[in-house]
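Chemist: Turn this into a structure:
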Amino acid sequence: MSVLIILGALLAVAIFAGIWIAGLYNRLVALRNRFKNAFAQIDVQLKRRYDLIPNLVEIAKGYLQHERETLEAVIKARNIAAAAAQSAAANPADANAVKGLMAAETGLAGALSRLMVVSEQYPDLKANQNMMQLSEELTSTENKISFARQAYNDSVMAYNTTRETFPTVLFSGLLGFLSAELFQVEDPAERNAPKVQFT
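Modeler: Next comes the predicted model:
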């Protein structure tokens, strides 16, 4: 009789542990999906920016004939960033892909900043109506990227905090839940969005 009681108790503990681990797993899945969705919002805004940049360069081409190197650097940085964004969007849980995107975005921000500095020397370009409209759209997009990045980082922080707290930390790695990477700019000089203004 006591053997049956012990077996019953062990079975109850095993069932309770199984239910608890299933609940833990489901919570981690929900948090991971939340930060993946938040990354998708960043991705939408990055694609919009990547679509606007060639138009900006095309308009600037007519005015910046002696600045071909600057224009080519912007397009090259845009293409690198777009490829990195595509890689990160395929799996936002891949910390290396997100780090690659952050590095590419830093390069793109630098190239855009150089273009803006050069553009300041051309009053006709600054007065171009299409250029002013594009600069407004880019500025708006940069603001949306900042908000989306903040939402993503908040989601990643909630996910990482949950997976790193006790007792979840004992099981999160075994269940395949790895640490997620925050989307932050490493270079303090690049923390501000590139200023896109031709007024």
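Chemist: Give me the helix or strand of the protein that scores worst on average pLDDT.
Modeler: helix 123-127 (a mean of 82; mean pLDDT, DSSP states H and E).
Chemist: count of neighbours near Ile21?
Modeler: 13 (other Cβ atoms under 10 Å). All C-beta spots, glycine's among them, are computed from the backbone N, C-alpha and C.
Chemist: Mind pulling up the pLDDT for it?
Modeler: Confidence at Ile21, expressed as pLDDT, is 93.
Chemist: quick one on the thing from earlier: the least confident helix or strand of the chain: which residues count as buried?
Modeler: Of all the residues in helix 123-127, those buried under the rule 16 or more other Cβ atoms under 10 Å are Leu125, Lys126.
Chemist: from the chain's centre, how far out does that helix sit?
Modeler: When distances are taken as Cα atoms, centre = their mean, to the nearest Å, helix 123-127 is centred 33 Å away from the chain's centroid.
Chemist: Show residues contacting it.
Modeler: Ile59, Ala60, Tyr63, Leu64, Ser119, Glu120, Met131, Met132, Phe198, Thr199 (Cβ atoms under 8 Å, 6 or more residues apart in numbering).
Chemist: Nearest spatial neighbour of the fifth one, chain-adjacent residues omitted?
Modeler: In space, Ser119 comes closest to Leu125 once its chain neighbours are excluded; the distance is 5.5 Å by Cβ to Cβ, 6 or more residues apart in numbering.
Chemist: go on, the third one?
Modeler: Leaving out its chain neighbours, the residue that sits closest to Tyr63 by Cβ to Cβ, 6+ apart is Leu125, at 3.9 Å.
Chemist: What ranges does this structure have for its strands?
Modeler: Counting by DSSP state E, the chain yields no residue ranges for strands.
Chemist: remind me which residues of it are low pLDDT?
Modeler: 185-199 (pLDDT under 70).
Chemist: what's the distance between Ala83 and Ile21?
Modeler: Look at Ala83 and Ile21: by Cβ to Cβ, to the nearest Å, they are 39 Å apart.
Chemist: How many residues are close by Lys28?
Modeler: Residue 28: Leu, not Lys. For Leu28, the neighbour count with other Cβ under 10 Å is 19.
Chemist: ignore the last one, Asn160
Modeler: Close neighbours of Asn160, defined as other Cβ under 10 Å, add up to 19.
Chemist: Identify the residues contacting it.
Modeler: Per Cβ under 8 Å, 6+ apart, neighbours of Asn160: Ser179, Ala180.
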